[in-house]
Every structure is written in structure tokens, then in C-alpha cells.
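> structure, please.
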Amino acid sequence: MSRIFQNLLRWLKQAKRGLPFLPSIRLSTIRKVFSLMGKREKIASVILLGLAAVSASVSLNRFYLGHTKAVAAAGGSYSEGIIGQPRFINPVLATSDTDTALVRLVFSGLYKYNGGGHLVPDLADGMPQISDDQKTYTVHLRRDVKWHNDKPFTADDVVFTIKTLQDPAYNSPLRPEWMNTVVAKTDDYTITFQVKDISGPFINNLALPILSKGTWQNVSPKDFVLSQDNLEATGTGPYFIKEIKKLPQGTVQSIQLEANSNYYGGRPHLDSVRLVFYENYNDVLQGLHGKQINGFGFVPSDQDFYLDRNNKSLTIHLLPLPQYQATFFNLSNKIFSDKSVRQAFALATDKQQIINDVYGGNALAINGPILPEQVPGLPPADTHVDVDAAAKLLDAAGWKVDPQTNVRSKGGTKLEFTLATNDFSLNAKTAETLAEQWGKLNAKVNLNILPTKDLTDTIIRPRKFDVLLFSQKLGPDPDPFVFWHSSQAKNPGFNLSGFSNATADQLISQARTTTKADVRADKYRQFESLITQEVPAIFLNQSVYLYAQDRSLKGVTLQNLYDQGNRFDDVTNWYLDENRVWK
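Next up, the predicted model:
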């Protein structure tokens, strides 16, 4: 009821401005009339007046709410906990989740991903113009952008950033992505990028945040990683670094960022964003419960860490990431060269049980290596399980159950193999669950659980496995070349199954050598269908990013992420307070 009267008071204050006068009634007249009433009449009058007042206030409140709308108001601060220490708030050097998150707050790219994961203009004034031969991208820049030090942003900054990361002396981890690109300045606000070969994925490179030439041009390669500007960064983004708090031993405790009033996209609603750095997730959780922070995010992995998704004080966003977990069959193995065996194991695999029991529901079912948010029109995830049908497939293929060992065999070969994975707790539990599920088919499954380095060196690189449980991490583009093209079947390629299919190779090549989105999507849908038919792997689930934020925070439009740092790409929309304005 208090909210009703608050709205009523606000409405009366606004309405009063439009009235030349309010009628006055003499209090003595009301008293005289009231004195002539009997006791019952007085009680009835008071009750009626009270009901009339409540009715009027409710009606006025409805009128107010119906003729006004809520809009975000400026003000407030948001604090987030992060694991790890910031080192390079520098887009040319940033690799850790901590650094990339800060880069997204401080810097801007020519393009960025919106809440739905689509590429939209940022520093660019519109989407790039692509030449007829699909090898030259012309980008026009906004003319209203300034660096945090009030210097103008121009094409020189873009050219400087690309050429810096292309120079091997700076040792940028992004260099391989730009090796075959020539960047040139047409004028102060026009840039061209020329690629050696037609590349569908290339446009995603243009989301790279841009460095200030004025800040960095006189820093030598040997001093580049040592510069204080890697922490006291100057960008064009929605927030600038206001204060860095350090503990006596030199570790960074927190970084306070203030809203950029000159931000070309409009001043952010939140006055400030504060990042607090912790050593582990339990410390983060304590910070959340102690109201030191308003939010944090993580990927369910090897951490012995639990977040109650029913916590009513939090909004928990479950955001798909471009990463999946799968069991890869070694197709050179005698058992798994038989397609019927692979199909049978796929039919007997209960993906939903793994998602529910191992991941606590914090994962998504998928069909293949092309993820649904990257390519529209993919069929929904198939979680159908049919152990009886799987057993009949094996029977038909000649894999018969030996009544003495209770294990299937064919031509003297037992249906016995080893499932290898690393010692991450979720992977180990998944492997145990798969062994139990596949055991129902009268298969003998041995487990080989190793530290990640040992698994990589002794199992993955030489391809010495029967079945491998492992994750593959993609980027913002669905291009599966390094994971599924036949040319990548041997180390250092990542085609772990040794899958070789001429049609698949053709579809992959056709999709990555065009910039036409509809053509690429069609090729990838065909590729996904082929992979589903051939079953070189069983795709168990897609990873998610659990992003917990105080329920008071509004305006978060995130639907999926291509990188954990991208969670701040829509930070300018976030707000805590709101005002009501007349429609």
C-alpha cells in the first residue's frame, strides 16, 4: 500500500504543475456538518470516507502506472568478484578471463557482440563493406569517439593496433589470426582490411578492441609487457579506471571503474563498476554472502563448488558457451571402425542423466559440433535413449554375448576397450557414468583417468586411445576446420577421431571460403547432419557460464557468450534505479 501512496504523491506533484489553482474548502463548514451527525452516522461517514480515499488512491495509482513508463535512471554501483589477478588490461596481450573482462569494460572494438551474440557496430559506423571478390573489407569509423584522455580516436589507432600485434617482437597471442591480413588507412576515418584468401570467419577478428597509438607508440617491444599502462589503461570504452587498490604485498585487491561521461554510445546508467579479485571460488561466495560484491560468474568444471540456483536474492543467467564435451571414437580401432558399434553406443548414451547427475543441470544437450546459437535452423537436441534397440544393432552386426563372460565378441574380438580422460572431477564422474551406461550393452569398459598433461602427451597427441572423453573449445565462428577436416587428423591438428570424409571436407571448405551468411549456415547444417549419421563421436553436452547477479540489477540482455569477457558487452544497459515518465 505504501507504494500506491508514493505513486499517488508523485502523480499529484506532477499533476499540480498543470493546474492553475486547487479549490479550497472551509474546514469550519466540515466541522459544522459533522457535529450535526449522530454517532452511527459519524462512524459510517468515516468508514465511507476511508473507503473512498483508498478507492481513489488505487484508481489514481492505476491511472499513473497506465500513463507512465519505467525508464532506467543513472546512478548506483555494481561490484563483481573475479578469480585471479589482472596483469594485461591490454587487448594485444590479454588472454586470461580476468584480463579480457577488464579489456571489455575499458576498450572498444570496431564491432562487438550484442546480448544475442550477433556482431554489431561499435567504433565502426555501420557494418563493413565487402568487395565483390570478398577479400577487402572497408570500415568507416565513427567521428565522435574520444579516448579517456580526451584525445580523438582515428584510423591511426586501428592501424597501429593491428601492426603491433602482427609484429613478432611484441609476442601477441593474437598474431596468428592476423598473419594474412593487410590493414591500410584510406583517410582519418576509413580503414581497409585485405585478406589473402576468402575467409568467412575473418569478420569476427574485427571485434578486436583497439589500442591508443598516442599512449603506446613510444613503448619499445621489450618494455611493452612491463609498462604501467597495462594496468592504468586508457581506452575508449564505457568505463575508465579510477582507482587500483593493492595489498601491502603488491597484489591487486580491487579496481574501481567510473562511467565515461563522453562515451560515444551514451553514458552508462551505472555510475561505477568495481571488480574485486579473489584467490578461489569459496572466497568469492563469502564475498557475495557478505554483500562485498553483487555478482560473479563461473564455468562448472573441476571446482568443488556449488551455487544454489534457487537463491531468490540472485538472478542466475545460464549462458551457452562455444565449448562442448564429447566422447571421440578412434576410428582406426578395429572395434570402432564398425559404424554399428558407434551407433549402438550413441543410442545407449543417456546425455540427460549426465547433465542432471554430473553437472547438476548446468549444461545443455547438443547433437553435434555445430552449436544452435551459432547456426539457425538446427534440429533440437536428441536425448532419446533406447538400450534395447542398441543391443539389437550389435546383435545384427555380429557382436554376440558370450554366456560365460557376459561380454560381447565378434570374430574372436571382445567388446572391451578403454575410455581415457583427464582427472577433472566432472570428466571422471562422466566417464564412470558412461562405463555404467555402456555396460548395459554387455561391453567391458576400462577407465584410464590421467592428469591433463599426461593425457595430452601420452594419449591425445599420438592418438593412442580407444575412446577419449574430452572437451573442444570453439570461437565466435562455427568453422569446424581444425576439429573435423581430414587434414587435421594428426597432431598438431584436433581431429581426434581421425574422421575422414570427402563430403564433410567439401562442406567445411565451402563454408569457410564465403562471406555469405546464408550459404555458410546451409553448409554447416548439412555438415552437422552428416556427422550425426557417421557418429565419429558422441556429443554429450555444451558448457554454460553461470552468471549470478543481485536481483536488483536490471537491463542485462545476455543470452549466450563467445568468451567469458564478453559478459560486459552490454554493460551500458545495466541499471539499478528507474524513473517513471509520462508516455
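> and residue 406, what pLDDT?
Residue 406 is assigned 96 on the pLDDT scale.
> again, but for residue 137
pLDDT recorded at residue 137 is 98.
> strand partners of whichever strand or helix holds it, parallel vs antiparallel please.
Assigned by DSSP states H and E, residue 137 belongs to strand 136-140. Sheet pairing of strand 136-140 (DSSP bridges) gives strand 129-130 (antiparallel), strand 190-195 (antiparallel).
> dump the ones you listed to TSV, plus distance to residue 96, mean pLDDT and mean neighbour count.
(C-beta placed from N, C-alpha, C; glycine too.) Shown next, in TSV, are the strands paired with strand 136-140 (distance: least, CB to CB, whole Å; pLDDT from 0 to 100; neighbours: other CB atoms under 10 Å):
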stretch	distance to residue 96	mean pLDDT	mean neighbour count
strand 129-130	33	98	14
strand 190-195	27	98	19
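> turn those into JSON lines, columns for distance to residue 123.
As requested, the strands paired with strand 136-140 are exported to JSON lines (distance: least, CB to CB, whole Å):
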{"stretch": "strand 129-130", "distance to residue 123": "16"}
{"stretch": "strand 190-195", "distance to residue 123": "10"}
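> can you tell which of these is closest to residue 454?
Nearest of the strands paired with strand 136-140 to residue 454, taken as CB to CB: strand 190-195 at 39.2 Å.
> find the nearest non-adjacent residue to residue 418, please.
In space, and not counting its chain neighbours, residue 418 is closest to residue 446: 4.5 Å by CB to CB, 6 or more residues apart in numbering.
> give me the helices and strands touching whichever strand or helix holds the one you found, please.
According to DSSP H and E, residue 446 maps onto strand 444-450. Counting contacts by 3 or more CB pairs under 8 Å, 6 or more residues apart in numbering; DSSP states H and E, strand 444-450 packs against strand 416-422, helix 425-439.
> what's the most buried one of those?
A comparison of those by mean neighbour count, using mean count of other CB atoms under 10 Å, puts strand 416-422 on top with a mean of 21.
> adjacent strands (with direction) for it?
Partners of strand 416-422 in its sheet, by DSSP bridges: strand 444-450 (parallel), strand 467-473 (parallel).
> so which of these is nearest residue 58?
Closest approach to residue 58 among the strands paired with strand 416-422 is made by strand 467-473 (55.2 Å; CB to CB).
> which residue, other than its chain neighbours, is closest to residue 188?
residue 154 is the one closest to residue 188 (CB to CB, 6+ apart), at 4.7 Å.
> and that neighbour, how many neighbours?
19 (other CB atoms under 10 Å).
> tell me the phi and psi of it?
The phi and psi torsions at residue 154 (degrees, to the nearest 10) take the values phi -140, psi 180.
> for residue 575, same thing?
Backbone phi and psi, for residue 575 under degrees, to the nearest 10, turn out to be phi -160, psi 160.
> where does the protein have low pLDDT?
Confidence mapping of the chain against pLDDT under 70 gives the ranges 1-37, 64, 301-309.
> what sits against residue 546?
Applying CB atoms under 8 Å, 6 or more residues apart in numbering to residue 546 gives the contacts 297, 298, 299, 300, 307, 309, 316, 317, 318, 319, 362.
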